[in-house]
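Engineer: Just a sequence and a predicted model for now, questions to come.
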Amino acid sequence: PDAKLVIEGVPLRRAAPKLWLAYKRRGEAVAKESARDGAPSVFARLNLAPHACAVGRLDVNSEGLLVITSDGALARAMEHPEIGGLERRYEVLVHGRVTPSKVAAFRRGVAVKGVRYKPMATRVVDSRPNRATLALSCTEGKNRMIRRICDHLRLRVSRLKRVGFGPFSLKQLPDPWTVVERPVPPSLRRFLDEDALEDAAATLGPARRTRPDRAEGRRARSLDVRRDPESGPANHSQSLDV
(Lines give C-alpha, C1' and ligand atoms only; values in the text may rest on other atoms or scores of the structure.)
Protein backbone atom coordinates (compact mmCIF):
# COMPACT_ATOMS: atom_id res chain seq x y z
CA PRO A 1 0.00 0.00 0.00
CA ASP A 2 1.03 3.60 -0.50
CA ALA A 3 2.78 5.45 2.32
CA LYS A 4 0.56 7.63 4.51
CA LEU A 5 1.16 11.34 4.95
CA VAL A 6 0.80 12.68 8.49
CA ILE A 7 0.62 16.39 9.38
CA GLU A 8 0.96 17.27 13.07
CA GLY A 9 -0.05 13.76 13.99
CA VAL A 10 -3.18 13.77 11.82
CA PRO A 11 -3.23 11.39 8.82
CA LEU A 12 -3.89 13.20 5.54
CA ARG A 13 -6.69 11.45 3.72
CA ARG A 14 -6.36 10.82 0.02
CA ALA A 15 -8.27 13.04 -2.38
CA ALA A 16 -11.62 11.72 -3.52
CA PRO A 17 -11.07 9.57 -6.63
CA LYS A 18 -12.34 10.83 -9.96
CA LEU A 19 -13.96 8.67 -12.62
CA TRP A 20 -14.26 9.38 -16.33
CA LEU A 21 -15.96 7.51 -19.16
CA ALA A 22 -14.57 7.72 -22.68
CA TYR A 23 -14.77 5.93 -26.00
CA LYS A 24 -11.59 4.13 -26.95
CA ARG A 25 -11.29 4.13 -30.74
CA ARG A 26 -10.05 1.24 -32.80
CA GLY A 27 -6.35 1.72 -33.52
CA GLU A 28 -5.56 3.47 -30.22
CA ALA A 29 -3.34 2.00 -27.51
CA VAL A 30 -4.41 2.07 -23.85
CA ALA A 31 -1.01 3.33 -22.73
CA LYS A 32 0.53 6.60 -21.59
CA GLU A 33 2.67 6.77 -24.70
CA SER A 34 2.30 5.57 -28.27
CA ALA A 35 2.81 1.84 -28.72
CA ARG A 36 5.92 0.41 -30.33
CA ASP A 37 3.96 -0.36 -33.47
CA GLY A 38 3.05 3.31 -33.80
CA ALA A 39 -0.51 3.13 -32.43
CA PRO A 40 -1.35 6.49 -30.82
CA SER A 41 -2.06 6.71 -27.11
CA VAL A 42 -5.69 7.19 -26.13
CA PHE A 43 -4.48 9.28 -23.17
CA ALA A 44 -2.76 11.76 -25.48
CA ARG A 45 -6.11 12.44 -27.13
CA LEU A 46 -8.12 12.60 -23.91
CA ASN A 47 -5.55 14.84 -22.19
CA LEU A 48 -6.63 14.03 -18.63
CA ALA A 49 -4.52 14.40 -15.49
CA PRO A 50 -1.08 12.72 -15.65
CA HIS A 51 -1.86 10.01 -13.10
CA ALA A 52 -5.17 8.96 -14.70
CA CYS A 53 -5.24 5.23 -15.38
CA ALA A 54 -7.57 2.86 -17.19
CA VAL A 55 -9.66 0.29 -15.38
CA GLY A 56 -8.86 -2.79 -17.43
CA ARG A 57 -7.49 -2.64 -20.95
CA LEU A 58 -8.62 -2.97 -24.54
CA ASP A 59 -6.19 -4.08 -27.23
CA VAL A 60 -5.35 -1.85 -30.18
CA ASN A 61 -7.90 -3.48 -32.48
CA SER A 62 -10.75 -3.30 -29.97
CA GLU A 63 -12.96 -0.33 -29.19
CA GLY A 64 -15.66 0.85 -26.86
CA LEU A 65 -16.13 1.93 -23.27
CA LEU A 66 -13.03 2.92 -21.34
CA VAL A 67 -13.38 3.61 -17.62
CA ILE A 68 -10.65 5.86 -16.22
CA THR A 69 -9.88 6.83 -12.64
CA SER A 70 -7.44 9.08 -10.81
CA ASP A 71 -6.77 6.40 -8.18
CA GLY A 72 -4.58 3.42 -9.08
CA ALA A 73 -5.65 1.35 -6.06
CA LEU A 74 -9.30 1.86 -6.96
CA ALA A 75 -8.60 0.84 -10.57
CA ARG A 76 -6.88 -2.37 -9.53
CA ALA A 77 -9.68 -3.27 -7.11
CA MET A 78 -12.34 -2.62 -9.76
CA GLU A 79 -10.65 -4.71 -12.45
CA HIS A 80 -9.72 -7.67 -10.24
CA PRO A 81 -12.27 -10.51 -10.71
CA GLU A 82 -12.02 -11.70 -7.09
CA ILE A 83 -12.18 -8.25 -5.45
CA GLY A 84 -14.27 -6.02 -7.67
CA GLY A 85 -16.06 -8.81 -9.51
CA LEU A 86 -17.38 -6.29 -12.04
CA GLU A 87 -19.05 -7.58 -15.17
CA ARG A 88 -17.49 -6.67 -18.52
CA ARG A 89 -19.93 -6.67 -21.44
CA TYR A 90 -18.97 -6.94 -25.09
CA GLU A 91 -20.57 -6.90 -28.50
CA VAL A 92 -18.56 -9.08 -30.88
CA LEU A 93 -19.02 -9.48 -34.62
CA VAL A 94 -17.57 -12.80 -35.78
CA HIS A 95 -17.25 -14.54 -39.13
CA GLY A 96 -17.77 -18.28 -39.27
CA ARG A 97 -20.49 -20.71 -38.24
CA VAL A 98 -21.81 -20.09 -34.73
CA THR A 99 -23.20 -23.47 -33.75
CA PRO A 100 -24.97 -24.49 -30.53
CA SER A 101 -21.84 -26.39 -29.49
CA LYS A 102 -19.71 -23.25 -29.82
CA VAL A 103 -22.18 -21.22 -27.80
CA ALA A 104 -22.10 -23.97 -25.17
CA ALA A 105 -18.28 -23.77 -25.10
CA PHE A 106 -18.44 -20.04 -24.29
CA ARG A 107 -20.94 -20.73 -21.53
CA ARG A 108 -19.02 -23.55 -19.83
CA GLY A 109 -15.54 -22.07 -20.24
CA VAL A 110 -12.67 -23.38 -22.33
CA ALA A 111 -8.94 -24.00 -22.10
CA VAL A 112 -6.73 -22.61 -24.86
CA LYS A 113 -3.05 -23.54 -24.96
CA GLY A 114 -3.00 -24.32 -21.26
CA VAL A 115 -4.89 -21.20 -20.19
CA ARG A 116 -8.28 -21.78 -18.60
CA TYR A 117 -10.99 -19.21 -19.31
CA LYS A 118 -14.04 -18.93 -17.09
CA PRO A 119 -17.60 -19.29 -18.40
CA MET A 120 -19.14 -16.33 -20.20
CA ALA A 121 -22.79 -15.39 -20.43
CA THR A 122 -23.40 -15.70 -24.17
CA ARG A 123 -26.27 -14.62 -26.37
CA VAL A 124 -26.53 -14.69 -30.15
CA VAL A 125 -27.92 -11.28 -31.10
CA ASP A 126 -27.94 -11.76 -34.85
CA SER A 127 -27.03 -14.83 -36.87
CA ARG A 128 -26.51 -15.40 -40.59
CA PRO A 129 -24.97 -18.36 -42.42
CA ASN A 130 -21.35 -17.25 -41.96
CA ARG A 131 -21.60 -14.26 -39.64
CA ALA A 132 -23.03 -13.51 -36.22
CA THR A 133 -23.11 -10.86 -33.52
CA LEU A 134 -22.54 -12.15 -30.00
CA ALA A 135 -23.29 -10.47 -26.68
CA LEU A 136 -20.68 -11.71 -24.18
CA SER A 137 -20.21 -10.87 -20.52
CA CYS A 138 -17.61 -12.01 -18.01
CA THR A 139 -15.82 -10.89 -14.85
CA GLU A 140 -12.23 -11.64 -15.85
CA GLY A 141 -10.11 -9.79 -18.38
CA LYS A 142 -7.17 -11.93 -19.43
CA ASN A 143 -5.01 -10.70 -22.29
CA ARG A 144 -6.80 -11.00 -25.66
CA MET A 145 -9.17 -13.48 -24.04
CA ILE A 146 -12.16 -13.18 -26.36
CA ARG A 147 -10.04 -13.19 -29.50
CA ARG A 148 -8.19 -16.31 -28.39
CA ILE A 149 -11.39 -18.15 -27.49
CA CYS A 150 -12.96 -17.22 -30.83
CA ASP A 151 -9.85 -18.32 -32.71
CA HIS A 152 -9.94 -21.62 -30.80
CA LEU A 153 -13.56 -22.08 -31.90
CA ARG A 154 -12.70 -21.17 -35.51
CA LEU A 155 -14.47 -17.85 -35.39
CA ARG A 156 -12.76 -14.75 -36.79
CA VAL A 157 -13.38 -11.56 -34.84
CA SER A 158 -14.24 -8.71 -37.17
CA ARG A 159 -15.21 -6.16 -34.53
CA LEU A 160 -14.94 -6.22 -30.76
CA LYS A 161 -16.60 -3.46 -28.76
CA ARG A 162 -16.92 -3.16 -25.00
CA VAL A 163 -20.37 -1.82 -24.23
CA GLY A 164 -20.32 -1.98 -20.44
CA PHE A 165 -18.12 -2.34 -17.38
CA GLY A 166 -19.79 -2.81 -14.01
CA PRO A 167 -22.34 -0.01 -13.44
CA PHE A 168 -21.11 1.93 -16.50
CA SER A 169 -22.23 1.60 -20.11
CA LEU A 170 -21.79 3.23 -23.49
CA LYS A 171 -25.31 4.64 -23.12
CA GLN A 172 -23.85 7.11 -20.61
CA LEU A 173 -21.76 8.69 -23.37
CA PRO A 174 -23.58 11.15 -25.65
CA ASP A 175 -21.18 10.40 -28.52
CA PRO A 176 -17.76 8.80 -29.18
CA TRP A 177 -15.90 12.12 -28.82
CA THR A 178 -17.10 13.26 -25.41
CA VAL A 179 -15.45 12.45 -22.08
CA VAL A 180 -17.94 12.30 -19.22
CA GLU A 181 -16.94 12.73 -15.59
CA ARG A 182 -19.03 10.56 -13.29
CA PRO A 183 -19.38 10.31 -9.50
CA VAL A 184 -18.36 7.07 -7.86
CA PRO A 185 -21.62 5.04 -7.84
CA PRO A 186 -22.97 3.54 -4.61
CA SER A 187 -21.97 0.02 -5.68
CA LEU A 188 -18.28 1.05 -5.76
CA ARG A 189 -18.15 3.27 -2.68
CA ARG A 190 -16.94 0.38 -0.55
CA PHE A 191 -13.56 0.88 -2.23
CA LEU A 192 -13.38 4.52 -1.11
CA ASP A 193 -12.69 3.37 2.44
CA GLU A 194 -8.98 3.73 3.22
CA ASP A 195 -8.72 0.29 4.82
CA ALA A 196 -10.57 -1.38 1.93
CA LEU A 197 -8.25 0.21 -0.63
CA GLU A 198 -5.18 -0.78 1.37
CA ASP A 199 -6.41 -4.37 1.71
CA ALA A 200 -7.01 -4.51 -2.05
CA ALA A 201 -3.57 -3.05 -2.76
CA ALA A 202 -1.92 -5.59 -0.46
CA THR A 203 -3.79 -8.44 -2.13
CA LEU A 204 -2.93 -7.32 -5.65
CA GLY A 205 0.71 -6.42 -5.03
CA PRO A 206 2.69 -3.33 -6.16
CA ALA A 207 0.82 -0.70 -8.13
CA ARG A 208 1.37 -0.39 -11.86
CA ARG A 209 3.95 2.25 -12.65
CA THR A 210 3.25 4.63 -15.48
CA ARG A 211 5.38 7.31 -17.09
CA PRO A 212 4.29 10.93 -16.94
CA ASP A 213 1.86 11.76 -19.72
CA ARG A 214 3.70 13.86 -22.28
CA ALA A 215 0.40 15.27 -23.40
CA GLU A 216 -0.33 16.90 -20.04
CA GLY A 217 -0.95 20.59 -20.45
CA ARG A 218 -2.04 20.33 -24.08
CA ARG A 219 -5.65 20.99 -24.96
CA ALA A 220 -7.35 18.68 -27.43
CA ARG A 221 -9.46 20.94 -29.61
CA SER A 222 -11.95 18.22 -30.40
CA LEU A 223 -12.41 17.17 -26.76
CA ASP A 224 -15.57 18.10 -24.93
CA VAL A 225 -15.52 17.13 -21.24
CA ARG A 226 -18.94 16.89 -19.65
CA ARG A 227 -19.75 16.16 -16.03
CA ASP A 228 -22.65 14.38 -14.47
CA PRO A 229 -24.69 16.84 -12.35
CA GLU A 230 -23.76 14.88 -9.21
CA SER A 231 -20.02 15.06 -9.82
CA GLY A 232 -19.56 18.70 -8.89
CA PRO A 233 -17.14 21.17 -10.51
CA ALA A 234 -14.36 19.91 -12.74
CA ASN A 235 -10.84 19.73 -11.39
CA HIS A 236 -8.11 18.37 -13.63
CA SER A 237 -5.15 19.53 -11.53
CA GLN A 238 -4.45 16.01 -10.32
CA SER A 239 -4.89 12.29 -12.22
CA LEU A 240 -5.08 -6.37 -21.72
CA ASP A 241 -8.33 -7.08 -21.73
CA VAL A 242 -9.74 -8.87 -24.80
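Structural biologist: Arrived safely.
Engineer: Can you list the low-confidence ranges for this protein?
Structural biologist: Applying pLDDT under 70 to the chain flags residues 1-15, 35, 193-241.
Engineer: Just the helices from it, written as ranges.
Structural biologist: 42-46, 72-79, 100-108, 145-152, 194-204 (DSSP state H).
Engineer: what packs against the fourth one?
Structural biologist: The reference is to helix 145-152. Counting contacts by 3 or more CB pairs under 8 Å, 6 or more residues apart in numbering; DSSP states H and E, helix 145-152 packs against strand 88-95, strand 110-112, strand 115-117, strand 156-165. Every residue, glycine included, has its C-beta placed from N, CA and C.
Engineer: closest to residue 53 out of those?
Structural biologist: strand 156-165 (14.0 Å; CB to CB).
Engineer: If you count contacts, what does that closest one end up packed against?
Structural biologist: Using 3+ CB pairs under 8 Å, 6+ apart, strand 156-165 is in contact with strand 63-69, strand 88-95, helix 145-152.
Engineer: Out of those, which one sits most buried?
Structural biologist: strand 63-69 (a mean of 23; mean count of other CB atoms under 10 Å).
Engineer: Name the strands paired with it and say parallel or antiparallel.
Structural biologist: Partner strands and pairing direction for strand 63-69 (DSSP bridges) are strand 19-24 (antiparallel), strand 53-54 (antiparallel), strand 156-165 (parallel).
Engineer: In TSV, list the ones you listed along with distance to residue 116.
Structural biologist: Listed next are the strands paired with strand 63-69 as TSV, based on distance: least, CB to CB, whole Å:
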stretch	distance to residue 116
strand 19-24	27
strand 53-54	25
strand 156-165	20
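Engineer: before we move on, the earlier item: now the helices and strands packed on helix 145-152 as a markdown table including distance to residue 55?
Structural biologist: Putting the helices and strands packed on helix 145-152 into a markdown table (distance: least, CB to CB, whole Å) gives the following:
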| stretch | distance to residue 55 |
| --- | --- |
| strand 88-95 | 10 |
| strand 110-112 | 25 |
| strand 115-117 | 20 |
| strand 156-165 | 7 |
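Engineer: All set now, cheers.
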